[in-house]
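Student: compute the structure for the input listed below.
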Amino acid sequence: RLEAEEKARLEAEEKIILEGEEKRRLEAKEKTRLEAEEKARLEAEEKSKPRLESEEMARLALAAQEKSRLEAEEKARLEAEEKSKLEAEEKAKLEAGEKSKLEAEEKAKLEAGEKSKLEAEEKPRLEAEEKARLEAEEKARLEAEEKARLVAEEKARL
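Tutor: Next up is the predicted model:
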């Protein structure tokens, strides 16, 4: 009976030892596989690095070209706006000069005899316009005073 127990104990120990060795062998195999995968990944990264750097340089060059193009377009737009502004100012000057010339001619005509006739026709209209302007100014002044008074009352109330 003791021999059988001893034999069973030895077989159990042997089984435990074999299982431990099998586990270690599988772990070593897995470690080797993972190391090989990591090595392959690193090599692939190293091989693709010049291509990625080249792609980055190309991307940066395209971005620089686009920036230059946009800056050139903006400069052209600003120059066109400035040119348009200057042309408008020149046109306004010329129109003002022409207007002054026409006004001087008109004034000379009026002074030559039509002045009194036109003044007689224009006087009622001008007086009505002046009266309306003065009334509007007075109304605006009174409204402003009323508003200021109301604001002051509101501030005083608060």
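Student: helices of the protein, residue ranges please.
Tutor: Counting by DSSP state H, the chain has helices at residues 2-109, 115-157.
Student: CSV for the ones you listed, including mean neighbour count?
Tutor: For glycine as for every other residue, the C-beta is placed from the backbone atoms N, C-alpha and C. Shown next, in CSV, are the helices of the chain (neighbours: other Cβ atoms under 10 Å):
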stretch, mean neighbour count
helix 2-109, 10
helix 115-157, 10
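Student: mean pLDDT for those - can I get that in a markdown table?
Tutor: Shown next, in a markdown table, are those (pLDDT from 0 to 100):
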| stretch | mean pLDDT |
| --- | --- |
| helix 2-109 | 91 |
| helix 115-157 | 89 |
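Student: distance of residue 88 from residue 81?
Tutor: 10 Å (Cβ to Cβ, to the nearest Å).
Student: what of residue 150?
Tutor: Where residue 81 is concerned, residue 150 sits at a distance of 45 Å (Cβ to Cβ).
Student: then residue 13?
Tutor: Counting by Cβ to Cβ - residue 13 and residue 81 are separated by 95 Å.
Student: and for residue 97?
Tutor: On the measure of Cβ to Cβ, residue 97 and residue 81 end up 25 Å apart.
Student: please apply the same query to residue 68.
Tutor: For residue 68 relative to residue 81 (Cβ to Cβ), the value is 20 Å.
Student: got it, and residue 143?
Tutor: 40 Å.
Student: same question for residue 138.
Tutor: Residue 138 is 43 Å from residue 81, by Cβ to Cβ.
Student: and residue 107, by the same measure?
Tutor: 38 Å.
Student: model confidence score at residue 110, please.
Tutor: Note on residue 110: pLDDT of 63.
Student: an error on my part: the question was meant for residue 114.
Tutor: 66.
Student: list the residues that contact both of residue 88 and residue 81?
Tutor: Counting by Cβ atoms under 8 Å, 6 or more residues apart in numbering, no residue touches both residue 88 and residue 81.
Student: restricting to C-alpha, output stretch 45-52 in PDB.
Tutor: Listed next in PDB are the C-alpha coordinates belonging to stretch 45-52 (Å, rounded to 0.1, in the frame of the first residue of the first chain):
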ATOM      1  CA  GLU A  45       8.500  51.600 -39.300                       C
ATOM      2  CA  GLU A  46      12.100  52.200 -40.100                       C
ATOM      3  CA  LYS A  47      11.600  51.300 -43.700                       C
ATOM      4  CA  SER A  48       8.500  53.500 -44.100                       C
ATOM      5  CA  LYS A  49      10.200  56.500 -42.200                       C
ATOM      6  CA  PRO A  50      11.900  57.900 -45.400                       C
ATOM      7  CA  ARG A  51       8.600  57.600 -47.300                       C
ATOM      8  CA  LEU A  52       6.700  59.400 -44.500                       C
END
